[in-house]
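Peer 1: test case, fold it:
(chains A, B and C)
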Amino acid sequence: MDGRGSDEAGLDLSGVGGLIGRPLDRAFFDRPSCEVAPDLLGRVIAHGPVAVRLTEVEAYGGPGQDPASHTYRGRTPRNSVMFGEPGHVYVYFTYGMHFCANLVCLPEDVGSAVLMRAGEVIAGVDVARSRRLTGGNGSSAGRTARTVPDRDLARGPARLAVSLGLVREHNGLDCCSAGGRIRVFEGAPVDPSLVRTGPRTGVAAGAETPWRFWIDGDSTVSPYRPHVRRQRTRV
DNA sequence: TGTTTGATGCGCT
DNA sequence: GCGCATCAAACAA
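Peer 2: This is a model prediction of the structure:
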């Protein structure tokens, strides 16, 4: 790729181009995840024809040894992306059927990231909906045959990943390079008085750490769920 | 090598 | 509101 002209090779955001501002550079992510997370609210992540305005995020990892983070027990093949360069995408598979997408923070060798929990699809709504209906990313998250309301398209981390079409193969992609398939844009500023913080959803360890950030009153924010230990299925 | 749990979402009651 | 589906990583023995 020659860069020029292919910058938006996979991105077709002509419809919202004026509303999402310029792409964020790597310096934006070169901070602790708990600092980047609230700053990501109102930002826009785009992959192909789909763009999502983030309304809910959670911070994980960092120097404080976060027991809820995948990086808590050190570097592994699975989480190595989180220890890599900031501004990359960390996609992981969980519960046997869901993908979740994170944005890596801090310099290399420090494992931390921000989980994108929910957002509003502002471009490529039709594409996002068809992915949800067909299970577009290979997971079964889209198996429903019913129509998905707009506000539910990216309401929840796995749904957000499906709408954006993010799967394992996107793990480690750079979203701060000009030729990248995934980019994050500055979006529109969010009224700071509307930003709320609280305990992270579904987290067992470190549940008391208020590293969940969301835009108060936004209908696309996912409902809070405390961690529930799964019952072992025995016959 | 075997077992357990998980940063979840859907369908049914 | 509740229970289930399903796979990979991590841990214990």
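
Peer 1: tell me where chain A has helices.
Peer 2: Assigned by DSSP state H, chain A shows helices spanning A:26-29, A:33-40, A:125-134, A:157-164.

Peer 1: ok, which of those comes nearest residue A:177?
Peer 2: For these, proximity to residue A:177 was assessed by CB to CB; helix A:26-29 is nearest, at 8.8 Å. The C-beta positions use only the backbone N, C-alpha and C, and glycine is treated the same way.

Peer 1: avg pLDDT for the closest one?
Peer 2: Averaged across helix A:26-29, pLDDT comes to 97.

Peer 1: other residues contacting that helix?
Peer 2: For helix A:26-29, the external contacting residues (CB atoms under 8 Å, 6 or more residues apart in numbering) are A:36, A:39, A:85-87, A:103-106, A:176, A:184.

Peer 1: got a markdown table for the helices of chain A, with distance to DNA strand C and mean neighbour count too?
Peer 2: Putting those into a markdown table (distance: least, CB to the nearest atom of the strand, whole Å; neighbours: other CB atoms under 10 Å) gives the following:
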| stretch | distance to DNA strand C | mean neighbour count |
| --- | --- | --- |
| helix A:26-29 | 22 | 17 |
| helix A:33-40 | 18 | 23 |
| helix A:125-134 | 16 | 18 |
| helix A:157-164 | 10 | 27 |
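
Peer 1: low pLDDT regions in chain A?
Peer 2: Filtered on pLDDT under 70, chain A yields the residue ranges A:1-18, A:64, A:135-146, A:230-235.

Peer 1: now the terminal residues of stretch A:187-201, how far apart.
Peer 2: Chord length of stretch A:187-201, first to last residue, is 25 Å (CA to CA, to the nearest Å).

Peer 1: quick one: distance of that stretch to the chain centre.
Peer 2: 15 Å (CA atoms, centre = their mean, to the nearest Å).

Peer 1: also stretch A:61-74?
Peer 2: For stretch A:61-74, the distance to the chain centre is 18 Å (CA atoms, centre = their mean).

Peer 1: out of the helices of chain A, nearest to DNA strand B?
Peer 2: Shortest distance between DNA strand B and the helices of chain A, using CB to the nearest atom of the strand, is found for helix A:157-164: 3.4 Å.

Peer 1: and DNA strand B, is the closest one touching that?
Peer 2: Yes - applying CB under 7 Å from any atom of the strand, one finds helix A:157-164 touching DNA strand B at A:157-160.

Peer 1: stretch A:168-182 now?
Peer 2: No - shown here: stretch A:168-182 not in contact with DNA strand B (CB under 7 Å from any atom of the strand), separated by at least 11.8 Å.

Peer 1: also stretch A:30-42?
Peer 2: No - using CB under 7 Å from any atom of the strand, stretch A:30-42 never reaches DNA strand B; the gap is at least 9.5 Å.

Peer 1: and the contacts of that stretch?
Peer 2: So stretch A:30-42 is in contact with A:28-29, A:53-63, A:86-87, A:103, A:105-107, A:112-114, A:116, A:184, A:187-190, A:195, A:197, A:211, A:213-215, going by CB under 8 Å, 6+ apart.

Peer 1: the most centrally placed residue in chain A: what's it in contact with?
Peer 2: Centre of chain A computed as the mean C-alpha position; nearest residue by CA atoms, centre = their mean is residue A:116, 2.7 Å away. Applying CB under 8 Å, 6+ apart to residue A:116 gives the contacts A:40, A:45, A:52, A:54, A:56-57, A:101-103, A:157, A:160.
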